[in-house]
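Student: Got a predicted structure here, sequence first:
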Amino acid sequence: MEGTYIPEPEEELPGLNVSNSQGLLQWISSVDHKQIGILYLFLAVLFLLLGGAAALLMRIQLALPGSTFLSPEMYNQLFTMHGTTMIFLVLTPAILGFSVYIIPLMIGANDLAFPRMNAFGLWITFFGGLLLYFSFLAGGAPDAGWFNYAPLNQRQYSPGPGIDYYCAGLLLVGAGTVGTSINLVVTIIYFRVEGMTLGKMPVFVWMVLINSCLVVGAFPPLNAALSMLLLDRQLQSHFFNLMGGGSPIVWQHLFWSFGHPEVYILILPPFGMLSEVFQVYSRKPIFGYGFVVGSGIAIALLAFGVWVHHMFVTGLGNTVYNFFAASSMLIGVPTGIKIFNWIGTMWGGSLRFTTSMLFAIAFLVEFTIGGLSGVAFAVVPVDWQLTDSYFVVAHLHYVFVGGSLFGILAGLFYWFPKMSGHMISEKLGKWFFWLFTIGFNLTFFVHHILGIKGMPRRVYTYPDISGYSLLNLTSTIGAFLMGFSVLFLLYILRKSVKTGEKAPNDPWDAYTLEWITSSPPALKNFDRLPPVYSLRPLRDLKQSSQLQNHTDGINTNILPSKSDRGGSFEKNDN
């Protein structure tokens, strides 16, 4: 049909294939949102291997009491770099990768609003990460924990250059993250396909929009704190130096003003991914769409009012504690609403237990455990008893790994056919799921017990008391099982790209617009799109009486011309 866009072979993107030099140069210089999204994911994998290696070295040190495998100084550097890497250079880039890849496809746009800013955000994040890791070669990595508390971050306690690299590297990473988030907000607000009102946006688009606004509000306090710390260390100012009239507690206020919203920055987009996964593999629309979106907005607003949740042992007074204990419990309500929405989506549905769905279901269990332990920390006396113990380590990892990472893995197995053009072996995928899930729970569930028994976190060795040895050895075995499973996942992805079955445009019988285009999408995402009448436009298209006129899932009779971004619809009378 005249006017219908059909990708020519040379216009197709190479998916995940970057094996030749010409292709590598194309990727490095690209401003296409799909290639940049995949590069974000490669960046996350690179730093996952580095951060994971640091974690395994720590677990070797802690496997047995009295170990001398690592020195105290190296252990401090490794646990600092592990936490910083996982938060800023693994989870955040992975979320941005899926966001910049999928969002334009979901809303019917051909790119983000500012393609060059998109590329800038990627590369400044990458070089910020390199700068952070260069500290190992420049005299020592940062060693005061990923939260970098004062006065430990002052030069008299950490005279090496590691903290300076921490500040400079995270300032660059933060600039890239904020820039990309602004880009996503503008794209979602202004470049949606006509007919896709706010009430018809997919849940993932809503969660990315809310999350991007959260990033823009949360990162400035961190950037201000990092800048002031650099001034303290390089120009002898005294923002956080008690001996010079500064206040170490101000660092905690500024850091956690960012740090607690960051928890939700890392979980809201996975919430959106899970919402897409649950409804597609349950063959039902999302249960309580308005509640899912509304609870996401509520989480973002409440996230800025709970930062003292992390400061209950700093002596701020009972009035302050009571307010923030109440707000910390309150924010659990909209989070819990989503859990019931997803259960309601599955209830009575025709469930398909793909690898993606298994990760989504496991998320409900793991994240609920992490959420309940978080509510326990909102009770001030409980917090006093368990703070700075391994119970905190367990809570943190059940939220970030059992929550964010399990959600990301569900999204990876869901969208991988679209991104690569190849299907993943479900048999191998399920092997990976069980290995990773068992390894994760072996590693971190025992940390709850260690924390209750009184083992403090951030210690490089321990005496053989209270069963510490057996529990730590169990955790180390689980950590190596997790590490093996991650390598197994990389093997699965590589094998799928090389020899996997070619993916159709819509392998899951899905509902949203990204499944209309080819797998992988062509350089230009769309030339024509169907009208959007509901939350499930692709399902509407399939059920229309004109389905017989479709080619590759596109009805050429109702697909009017569309501009490169957004565009308008007019009746096509061909």
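Tutor: Now that the structure is in, tell me what you want to look at. Numbers count the residues shown, from 1 in each chain.
Student: what about this structure, any weak spots by pLDDT?
Tutor: Along the chain, the model assigns pLDDT under 70 to residues 1-22, 545-574.
Student: Neighbours of residue 226, how many?
Tutor: 22 (other C-beta atoms under 10 Å). To be clear about C-beta, it is placed using only N, CA and C from the backbone, and glycine gets the same treatment.
Student: Now it. Nearest residue, chain neighbours left out?
Tutor: When the adjacent residues along the chain are set aside, residue 226 lies closest to residue 167, with 4.4 Å between them (C-beta to C-beta, 6 or more residues apart in numbering).
Student: Secondary structure element holding the one you found?
Tutor: Assigning secondary structure by DSSP states H and E places residue 167 in helix 162-190.
Student: Tell me where the stretch 401-550 of the chain has strands.
Tutor: Using DSSP state E, counting those that start in this stretch, the strands found in the stretch 401-550 of the chain span residues 550-551.
Student: for it, what spans make up the helices?
Tutor: According to DSSP state H, counting those that start in this stretch, the stretch 401-550 of the chain carries its helices in the segments 406-420, 426-453, 468-499, 537-543.
Student: Over to the nearest residue to residue 402 once chain neighbours are set aside. Which of the three states is it?
Tutor: Leaving aside its chain neighbours, residue 402 sits nearest to residue 366 (2.8 Å; criterion: C-beta to C-beta, 6+ apart). On the three-state scheme (DSSP: H, G, I helix; E, B strand; the rest coil), residue 366 is labelled helix.
Student: dump the residue contacts of residue 366.
Tutor: Residue 366 is in contact with 398, 401, 402, 403, 406, 440, 441, counting by C-beta atoms under 8 Å, 6 or more residues apart in numbering.
Student: quick one: what helix or strand has the first one in it?
Tutor: Element membership of residue 398, judged by DSSP H and E, is helix 390-399.
Student: can you give me the angle that helix makes with helix 468-499?
Tutor: Helix 390-399 and helix 468-499 are oriented at 20 degrees to each other (axes from the mean of the first three to the mean of the last three C-alpha atoms, to 10 degrees).
Student: tell me what helix 390-399 is packed against?
Tutor: helix 355-377, helix 426-453 (3 or more C-beta pairs under 8 Å, 6 or more residues apart in numbering; DSSP states H and E).
Student: Could you chop this structure up by domain?
Tutor: Taking automatic domain parsing as the criterion, the chain consists of the domains 33-261, 267-503.
Student: so can I have a markdown table of these showing distance to residue 27?
Tutor: Formatted as a markdown table, those follow (distance: least, C-beta to C-beta, whole Å):
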| stretch | distance to residue 27 |
| --- | --- |
| domain 33-261 | 6 |
| domain 267-503 | 14 |
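Student: Looking at those domains, which is nearest to residue 543?
Tutor: When the domains of the chain are ranked by proximity to residue 543, the top entry is domain 267-503, at 13.4 Å, counting by C-beta to C-beta.
Student: Of all the residues in the helix holding residue 167, which ones are buried?
Tutor: 162-185, 187-188 (16 or more other C-beta atoms under 10 Å).
Student: rewinding a little: can you give me the angle the helix holding residue 398 makes with helix 355-377?
Tutor: Using the same axes, to 10 degrees, one finds that helix 390-399 and helix 355-377 are set 150 degrees apart in direction.
Student: next one: helix 390-399 to chain centre, how far?
Tutor: 17 Å (C-alpha atoms, centre = their mean, to the nearest Å).
Student: Figure out which of the domains of the chain is closest to residue 537.
Tutor: Using C-beta to C-beta, these put domain 33-261 closest to residue 537, at 7.8 Å.
Student: Could I get the full set of strands for the stretch 101-250 of the chain?
Tutor: Ranges of strands in the stretch 101-250 of the chain, per DSSP E, counting those that start in this stretch: none exist.
Student: Among the domains of the chain, which comes closest to residue 534?
Tutor: Comparison of the domains of the chain against residue 534 by C-beta to C-beta identifies domain 33-261 as nearest, at 6.4 Å.
Student: and the helices of the stretch 401-550 of the chain, which is most packed in?
Tutor: helix 406-420 (a mean of 25; mean count of other C-beta atoms under 10 Å).
Student: Run through the neighbouring helices and strands of that helix.
Tutor: Using 3+ C-beta pairs under 8 Å, 6+ apart: helix 406-420 touches helix 33-62, helix 92-107, helix 268-282, helix 355-377, helix 468-499.
Student: at 10 Å instead, please
Tutor: Counting by 3 or more C-beta pairs under 10 Å, 6 or more residues apart in numbering; DSSP states H and E, the packing neighbours recorded for helix 406-420 are helix 33-62, helix 92-107, helix 268-282, helix 355-377, helix 426-453, helix 468-499.
Student: give me the number of residues near residue 333?
Tutor: So residue 333, with other C-beta under 10 Å, has 12 neighbours.
Student: quick revisit: closest one to residue 533 among the domains of the chain?
Tutor: Of all those, it is domain 33-261 that lies closest to residue 533, at 6.8 Å by C-beta to C-beta.
Student: how long is that closest one from one end to the other?
Tutor: This stretch, domain 33-261, spans 26 Å end to end (C-alpha to C-alpha, to the nearest Å).
Student: do stretch 145-162 as well
Tutor: End-to-end distance for stretch 145-162: 11 Å, by C-alpha to C-alpha.
Student: of all the helices and strands packed on helix 390-399, which lies closest to residue 417?
Tutor: helix 355-377 (10.4 Å).
Student: Distance of residue 290 relative to residue 195?
Tutor: Here the distance between residue 290 and residue 195 works out to 19 Å (C-beta to C-beta, to the nearest Å).
Student: and the two? which has more neighbours close in?
Tutor: Per other C-beta under 10 Å, whichever of residue 290 and residue 195 has more neighbours is residue 195, with 16 against 10.
Student: Now do the contacts for that one.
Tutor: With contact set as C-beta atoms under 10 Å, 6 or more residues apart in numbering, residue 195 has these partners: 108, 529, 530, 531, 532, 533, 534, 537, 568, 569.
Student: And residue 52, by the same measure?
Tutor: When contacts are counted by C-beta under 10 Å, 6+ apart, residue 52 touches 82, 85, 86, 90, 479, 482, 483, 486, 487.
Student: The third one: neighbour count?
Tutor: Which is residue 86. Using other C-beta under 10 Å: residue 86 sits among 27 other residues.
Student: show me the contacts for it.
Tutor: Residues in contact with residue 86 (C-beta under 10 Å, 6+ apart) are 44, 47-48, 50-52, 54-55, 92, 146, 266, 396-397, 400-401, 404-405.
Student: ditto for the last one
Tutor: By C-beta under 10 Å, 6+ apart, the contact list for residue 487 reads 49, 52.
Student: let's see it at 7 Å
Tutor: Counting by C-beta atoms under 7 Å, 6 or more residues apart in numbering, residue 487 touches no other residue.
Student: Look up how far residue 80 lies from residue 338.
Tutor: In this structure, residue 338 and residue 80 are 32 Å apart, going by C-beta to C-beta.
Student: same check, this time on residue 202
Tutor: For residue 202 relative to residue 80 (C-beta to C-beta), the value is 38 Å.
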